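**Student:** using only what follows, build the 3D model:
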Amino acid sequence: MYYTQSIMTEFQYDTLLKPENICNLHRERIFLEKAIMAHEKVVIYGRRNSGKTSLVKNAIIPWFERKNKKIFILFVDLMEVKDIASINERIRVGFERAFSKYFPAKSILNAALEMVGNLRPVVNLDELTGTPQLTLEVSKQKSISFVDIFSIIAKKISLTHKVLIVLDEFQDVALVPESQGLFRQVFQEFEVGPIVIMGSKQHMLADLFARAKAPLSRFGKDLNFGFLPYEEYHEYINERLSLRKRTIDFAVCKDLQDLLFRDPEAINIVCQSLLTLGTTQKISSEMIRLQIDLTIEARASRFEQYLSQFSSREQELLVALSKHGPIQMPSGKDFLKEVHVTARSVQLSFKKFLDHSVIEKRDTGYQIIDPLFYYFLKKYR
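**Tutor:** Below is the predicted model of the structure:
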């Protein structure tokens, strides 16, 4: 058992998972705890919905908070940053929130004046909670650099607080080339605490840290979130099905996981729908396929809206990929015959799909990431 049924819930999705609802990831948790204790820098690779953010935000950060009396945790999501200004903005806002959270309300203004006085701190009461909130005033002429914020954390805050830095969806800084050198400078000089970097677009993250000539090459230790073992996920699913007196055999559960590309979010969505099947006690493969079909039917309008964001040519490529994929060679003759576009157009479109997490490359070839979107395309297109 992972947890007792008194605290176990059903199948959760569209939200960060609490520790009792995270399947497995014991190895990853131990790895991160040891690395953080040693003030190491870690780069976490993992597909979308692999549990990275849930583990770090809902297990690792609470562990770090319990372990240390005075702490300062800077957590920043860098998804879809476009330029240096947007990076500065994200990190500034993250810093303001962390400062407001981890410094006592009674002394927050004095602490702000002492530690960030040169950044013009202002403390106001939050309209909803009534708690003091730090704001760093930004002039129209010049934004606050994230380099300065990291320097303040290293030179001042770390003297009184244990520090942890977490940067999520970091791969998008690859779209801001000039930022890579600045982050290299910041990371090299930051010796007062651990840094955890996460990303879901693995090809972009690898380009930042694995490419020999990249500014961040050879930075930190790697941690890869792979597929959940079939056996572990079977046990996890059976535990939750048992709450409604239902069961699923291992072979059927493996079929479920494969049908949904071993994607935890999609699996949880379908499994939650399986709990509504009348008085059925034993789940079959036929029931699973029916629930997948009903799920995509219920979500058809949202998939239609999502698909409309692409050009007609891009839509044609996605449909072809759903009907003929996985594709090992998108610019090969066989696939080009199906889509009637040039090899150059296919290459540009596939790069866009990869960068926006629409498709991914596995050992079997390129395929659509979201299994429910994949089945929608197969059925409605």
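**Student:** can you list the low-confidence ranges for the chain?
**Tutor:** 1-9, 138-142 (pLDDT under 70).
**Student:** give the buried residues for stretch 187-201.
**Tutor:** Using 16 or more other Cβ atoms under 10 Å as the test for burial, stretch 187-201 gives F187, F190, V192, G193, P194, I195, V196, I197, M198, G199, S200, K201. No exception for glycine: its C-beta is placed from N, CA and C like everyone else's.
**Student:** swap in stretch 200-210?
**Tutor:** Of the residues in stretch 200-210, those buried by neighbour count under the rule 16+ other Cβ under 10 Å are S200, K201, Q202, M204, L205, A206, L208, F209, A210.
**Student:** cool, stretch 244-254 as well?
**Tutor:** Buried, per 16+ other Cβ under 10 Å, within stretch 244-254: R246, I248, V252, C253, K254.
**Student:** what is the end-to-end distance of that stretch?
**Tutor:** Criterion Cα to Cα, to the nearest Å; first-to-last residue distance in stretch 244-254 is 20 Å.
**Student:** so how far is stretch 342-361 from its chain's centroid?
**Tutor:** Average the C-alpha atoms of stretch 342-361, do the same for its chain, and the two points are 20 Å apart (Cα atoms, centre = their mean, to the nearest Å).
**Student:** re the thing from before, so which pair among the buried residues of stretch 187-201 is furthest apart in space?
**Tutor:** Distance extremes for those: the farthest pair is V192 and K201 at 29.2 Å, using Cβ to Cβ.
**Student:** which residue ranges of the stretch 101-250 of the chain form strands?
**Tutor:** 121-125, 132-136, 162-168, 195-199, 221-225, 247-248 (DSSP state E, counting those that start in this stretch).
**Student:** quick one: strands adjacent to the shortest one?
**Tutor:** The sheet places strand 247-248 alongside strand 282-283 (parallel), with pairing taken from DSSP bridges.
**Student:** what does the partner strand contact?
**Tutor:** By Cβ atoms under 8 Å, 6 or more residues apart in numbering, the surrounding residues in contact with strand 282-283 are L241, R246, T247, I248, D249, V252, L274, L277.
**Student:** ok, 10 Å please
**Tutor:** Strand 282-283 is contacted by residues 237-238, 241, 246-249, 252-253, 256, 271, 274-275, 277, 291 when judged by Cβ atoms under 10 Å, 6 or more residues apart in numbering.
**Student:** likewise for stretch 175-189?
**Tutor:** Applying Cβ under 10 Å, 6+ apart, the set of residues contacting stretch 175-189 from outside is 41, 78, 80-88, 91, 145-147, 149-151, 153-155, 165, 167, 170, 172-174, 195, 197, 204, 208, 214-217, 219-220, 355.
**Student:** mind exporting that stretch as PDB, just the C-alpha atoms?
**Tutor:** Coordinates of the C-alpha atoms in stretch 175-189 are reproduced here as PDB (Å, rounded to 0.1, in the frame of the first residue of the first chain):
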ATOM      1  CA  LEU A 175      14.200  31.200 -26.600                       C
ATOM      2  CA  VAL A 176      16.100  34.100 -25.100                       C
ATOM      3  CA  PRO A 177      19.700  33.500 -26.100                       C
ATOM      4  CA  GLU A 178      21.300  36.400 -24.200                       C
ATOM      5  CA  SER A 179      19.800  35.100 -20.900                       C
ATOM      6  CA  GLN A 180      21.900  31.900 -21.000                       C
ATOM      7  CA  GLY A 181      25.200  33.700 -20.300                       C
ATOM      8  CA  LEU A 182      23.600  35.700 -17.400                       C
ATOM      9  CA  PHE A 183      22.200  32.500 -15.900                       C
ATOM     10  CA  ARG A 184      25.600  30.900 -16.200                       C
ATOM     11  CA  GLN A 185      27.100  33.800 -14.300                       C
ATOM     12  CA  VAL A 186      24.400  33.600 -11.600                       C
ATOM     13  CA  PHE A 187      24.700  29.800 -11.200                       C
ATOM     14  CA  GLN A 188      28.500  29.800 -11.000                       C
ATOM     15  CA  GLU A 189      28.500  32.500  -8.300                       C
END
